[in-house]
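In: Build me a structure from this.
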Amino acid sequence: MAERSTAAVDVADNSGDEPLTAKADQSTSDGVAQNRERETDSEEAQGSGGTDSPGKASPPELHSGHKLAGRYRLEECVTRLDGFSSWRAVDEKLRRAVGVHLLPADHPRARSVLAAARSSALLGDPRFVQVLDAVEENDLVYVVHEWLPDATELTALLASGPLEEHEAYQMASQVSQAMAAAHREGLAHLRLTPSAVLRTSTGQWRIRGLAVNAALRGISSDTPQRTDTEAIGALLYATLTQRWPYDNHAYGLSGLPKGVGLIAPDQVRAGVHRGLSELAMRALANDGATASRHETPCTTPEELVKAIAEMPRIRPPEPAFTAPPEYQRTSYQQGYGRPAPHMGATQPVTAPPPPLQSRTGKALKWAVSALLIAALGLGSWQLADALMEHRKSDDTQKTKTTDGNGKGTDKTKPLKPIAIAGAQEYVAKGDAQAPGDVGKTYDGDSSTYWRSKSFVDGPEMKPAFKPGVGIVYDLGSQQTVTAASIGLRYPGDHTTITLYGTDSMSSSKSVDSMTKIGTVTTSGTSAKITVSKKAKTRYVLLWITAMPYASGDQYSGAGYKQAITDVKFTG
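Out: Sure thing, here's the model as predicted:
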């Protein structure tokens, strides 16, 4: 419970800043004291800017049970620091747990915290812990955000040792993609530490405190993309080595020995994946790494995403199977329902019956021998007859399938899979759904997927608002598509998918001008489309115009939505 409590709340942790009223031992949701190790908050520890003076503003004196806006009931103060406090609370209107940051309205950072929270809320990317509300009321400024009870901090994961290489790869890939999307919208994190990165029970990685954590502490940077890229490099370094890549201890991790400089992860710990080690160094090279044996440094999250995409994909480890227990006879098998004999007891030996030595016995043996000889002769004749018939059948088949030129006439050409060279989301109207996840629909991993947002009306989509959602696939060259199989995440009534041939991956060309290849409607989690009109095309649009109703999850609320896990084309 202690670990879950700290992971769930988007806390500005005590990373080197002395709390004003709180002690090192803070109570958690189950009432057990948790000794939170003090972390170093210097340029070497986190690669971010300094902290502004909080001024004379004091933290608001609130208590458990206090309600904000008559809705958010404060339950437990998790952090009180630098004139602000962070709480675990309950949204009584929606009956769910939330996290709340509180600070006085006259706090010197109050305006920047409000601006950061509202900008972060507008991003709406599910890879970040979402800001739900940002309000100034009754001389208070408070920011309400998601509470993730099933998430675990990277800090806690590293306490037991380095991560397995596939987990480290997934963390670097997902965090880099998320930060690249944030920077495209003009948002930076600037405090991307191990306590800001969470892994959910489903294996997804999420980031908390986008823009808000830095605003709460007054952190800024002249090179925000470089700052966040170095932070991702430090996170990857820590997951590979369980060491902080600087010469000071931070976030519960030991630093590198003083005076040795920044050395590659595969030189710190044996068995580290070479590609991941070089990737961490490319991200950290901005802060003085020797890049003699490494490629060009990565200075932005976007460059880091491209570098990861160029790496060979790291597969998850094979599941380990335990050997079944050694087979033991039961008393039933030993005695056909009778109890097993006691050890050491002498069992009577039954004498075998006498051989058939009488005249009747000899006659019986001769009769059985004659029957066996007759049966063998009959069986041999039937076998020979069957072989002859089979040979005639083969000759007939050869005559049937070969014409005068020696070419087969009745053979069916086998289907072959068509490799997907690339993909891009198609946006006919409105916003994109999850453009960074389109590659997950053809990565060979059915546990990953691209998903739509949740819509209020359905199952049929409304052309005036959103005519459909989909992805354009690049087959690499002109191909004749004969069939497609599509894996879906949400079953129900109903999903309608249509394939169209088009001449580019651009969303500027309307669906009506494309060539319709085939369509299908299903209520299950898989769909098979057999092409009704064969035509050669390089680009294929997978277009969804109806989606089933599904309950809420960690990415979206309840509504009409769908997700694609696997797409395969055959020709």
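In: Tell me, how many residues neighbour Lys528?
Out: Neighbours of Lys528 under the rule other CB atoms under 10 Å: 11. Using the backbone N, CA and C atoms, a C-beta is placed for each residue, glycine as well.
In: Just say helix, strand or coil for it.
Out: Secondary structure state of Lys528, per DSSP: H, G, I helix; E, B strand; the rest coil, is strand.
In: nearest spatial neighbour of His101, skipping sequence neighbours?
Out: Val143 (4.4 Å; CB to CB, 6 or more residues apart in numbering).
In: whoops, I mixed them up, Arg489
Out: Leaving out its chain neighbours, the residue that sits closest to Arg489 by CB to CB, 6+ apart is Ala563, at 3.6 Å.
In: if I look at the one you found, how far off is Leu123?
Out: Going from Ala563 to Leu123 by CB to CB, to the nearest Å gives 20 Å.
In: neighbour-wise, which of those two wins?
Out: The residue with more neighbours, out of Ala563 and Leu123, is Ala563; 24 against 19, by other CB under 10 Å.
In: Specify the beta-bridge partners of the more buried one.
Out: Arg451 (DSSP bridges).
In: pretty sure it contacts Ile486?
Out: No - judged on CB atoms under 8 Å, Ala563 makes no contact with Ile486 at a distance of 11.0 Å.
In: Report whether the expected contact of Ala178 with Leu123 is present.
Out: No - in this structure, Ala178 is not within contact of Leu123 by CB under 8 Å, at 9.8 Å.
In: Can you tell me the SS state at the nearest residue to Thr515 once chain neighbours are set aside?
Out: Take Thr515 and drop its neighbours on the chain: the residue closest to it by CB to CB, 6+ apart is Gly501, 4.1 Å away. Under three-state DSSP, Gly501 falls in the strand class.
In: From Val129, how far out is the most centrally placed residue in the chain?
Out: Central residue of the chain (CA atoms, centre = their mean): Gln204, 4.3 Å from the mean position. Noted for Gln204: a distance of 12 Å to Val129, by CB to CB.
In: quick one: low-confidence ranges for the stretch 51-200 of the chain?
Out: By pLDDT under 70, the low-scoring segments of the stretch 51-200 of the chain are 51-60.
In: How about the chain?
Out: By pLDDT under 70, the low-scoring segments of the chain are 1-60, 286-294, 320-359, 361, 384-414, 554.
In: Tell me if I'm right that Ala151 and Thr200 touch.
Out: Yes - using CB under 8 Å, Ala151 is in contact with Thr200, at 5.0 Å.
In: more neighbours, the two?
Out: Ala151 (24 against 15).
In: which residues are contacting stretch 137-144?
Out: By CB atoms under 8 Å, 6 or more residues apart in numbering, the surrounding residues in contact with stretch 137-144 are 60, 68-69, 72, 89, 91, 98-107, 110, 113-114, 117, 131-135, 212.
In: show me what contacts the residue nearest to Arg489?
Out: Counting by CB under 8 Å, 6+ apart, Ala563 touches Tyr449, Trp450, Arg451, Ser452, Leu488, Arg489, Tyr490.
In: Looking at these, state which has the most neighbours.
Out: Neighbour counts for the contacts of Ala563 (other CB under 10 Å) peak at Trp450, which has 25 neighbours.
In: Give me the distance between that one and Arg109.
Out: Distance, Trp450 to Arg109, by CB to CB: 38 Å.
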